[in-house]
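Novice: can't give you the sequence, but here's the structure:
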């Protein structure tokens, strides 16, 4: 029997292949872990039986049931008036391919009614696929009023010094722009980025202040580093691991809306190119994590009760009780009114509200105040500034 002989260079080649397989496996694992829980719903479909063909009627009724199941989950994700307003868009982009969002289903009942067929099902609808598609057509972001977002990520690739405006920051900015978010002008963030580079430690507060000055409602701040390793198995291939972390912070309240992290690897003879590839892969995962959590956080705010800070200037003290009563009695979206102080004709209130800030603003501006009115002078997602305007005097002039 002839002894096996190891061909020179085989060990190094096998080591490189093994490393590549490890990178592929880690990427697949991350993708599989990203899926969200499904929504379990019950639905019934109905369709006419064409030319006595019950098989065709049954299939059409089943497809109708799939659509109704998806409609239920869409109704949770976007408010009813948005669904009505964009019904044609939803039909083209979502409902016409409802079957693609059904993970599993079970027929719980079926019957014929003269020339029609009915099918009842219990279905598992993929929230992940559905929310991705809704996000792709921009419905969720439009519902939120296209919040203004600023992105600042300090990035280091190899031995290069940490700097803002790198691969991750650029990638996140581009991805959120495509998803319909309104982005703060890049030039507005340059000053704070210079401050962050000169500073030490966590610079979140400085970034948030600068983002607020630039008109942002949310700032995504983070760090990214690509570390280069030694050549694999004596080859010229250099492995790189990119570690990234980001937080999305509400500029007005300081609340952390989302946190995300990603660790990705790449292999290349050029370590800088491997670092770029790993950082780009990390950016894709960060985008999905941050966007999913932001949508969930905002949806929770819109469907639940939250605090809105209202400041009214030029308000006579005698008018404060009338304003408080009007807020409680006339505003359907106000659950509770709490007074936080009155000084120099300025009243500070906390309103427990449900619904979007924009809809609350509309109700405030239309309050019946007996000839007086509130003039909205500014607002953000968590604060509203208003000016009290008294009734007009004789001759048409206001005081």
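Specialist: Received the coordinates, thanks. Quick caveat, the model's predicted, so the values are computed rather than measured. Residues are numbered from 1 along each chain as shown.
Novice: in the helix or strand hosting residue 65, what's buried?
Specialist: Element membership for residue 65, per DSSP states H and E: helix 54-77. Residues 57-58, 60-62, 64-71, 73-74, 77 are the ones in helix 54-77 that count as buried (16 or more other Cβ atoms under 10 Å). Quick note: C-beta positions are derived from backbone N, CA and C, even for glycine.
Novice: who's residue 123 bridged to?
Specialist: Beta-bridge partners recorded for residue 123 (DSSP bridges): residue 41, residue 105.
Novice: three-state assignment of residue 315?
Specialist: coil (DSSP: H, G, I helix; E, B strand; the rest coil).
Novice: let me know whether it touches residue 346 as I believe.
Specialist: Yes - Residue 315 lies in contact with residue 346 (Cβ atoms under 8 Å); the separation is 7.0 Å.
Novice: and the two? Which one has more around it.
Specialist: Per other Cβ atoms under 10 Å, whichever of residue 315 and residue 346 has more neighbours is residue 315, with 21 against 13.
Novice: secondary structure class for residue 358?
Specialist: With three-state DSSP as the basis, residue 358 sits in helix.
Novice: gap between residue 305 and residue 64?
Specialist: Residue 305 is 36 Å from residue 64, where distance means Cβ to Cβ, to the nearest Å.
Novice: same question, residue 376
Specialist: In terms of Cβ to Cβ, residue 376 sits 45 Å off from residue 64.
Novice: which helices and strands sit right next to the helix holding residue 65?
Specialist: strand 38-48, strand 102-113, strand 116-126, helix 127-136 (3 or more Cβ pairs under 8 Å, 6 or more residues apart in numbering; DSSP states H and E).
Novice: that one vs strand 38-48, what angle?
Specialist: 140 degrees (axes from the mean of the first three to the mean of the last three Cα atoms, to 10 degrees).
Novice: for the helix ranked longest in the chain, packing partners?
Specialist: Counting residues, the longest helix in the chain under DSSP state H turns out to be helix 271-303. Judged by 3+ Cβ pairs under 8 Å, 6+ apart, the packing partners of helix 271-303 are helix 127-136, helix 139-143, strand 148-157, helix 167-178, strand 218-228, strand 238-250, strand 256-268.
Novice: which residues touch residue 271?
Specialist: 158, 228, 238, 240 (Cβ atoms under 8 Å, 6 or more residues apart in numbering).
Novice: of these, which is the most crowded?
Specialist: residue 240 (25 neighbours).
Novice: excluding its backbone neighbours, what's nearest that residue?
Specialist: With Cβ to Cβ, 6 or more residues apart in numbering as the criterion, residue 240 has its nearest non-adjacent residue at 3.9 Å, and that residue is residue 274.
Novice: one more: residue 158?
Specialist: According to Cβ to Cβ, 6+ apart, the nearest residue to residue 158 is residue 228 (5.1 Å).
Novice: show me the contacts for residue 378.
Specialist: Per Cβ under 8 Å, 6+ apart, neighbours of residue 378: 384, 385.
Novice: re earlier: hey, what's the residue nearest to residue 158 bridged with?
Specialist: With DSSP bridges as the rule, residue 228 is bridged to residue 240.
Novice: residues contacting it?
Specialist: Counting by Cβ under 8 Å, 6+ apart, residue 228 touches 158, 238, 239, 240, 271, 274, 275.
Novice: let's see it at 7 Å
Specialist: Counting by Cβ atoms under 7 Å, 6 or more residues apart in numbering, residue 228 makes contact with 158, 238, 240, 271, 275.
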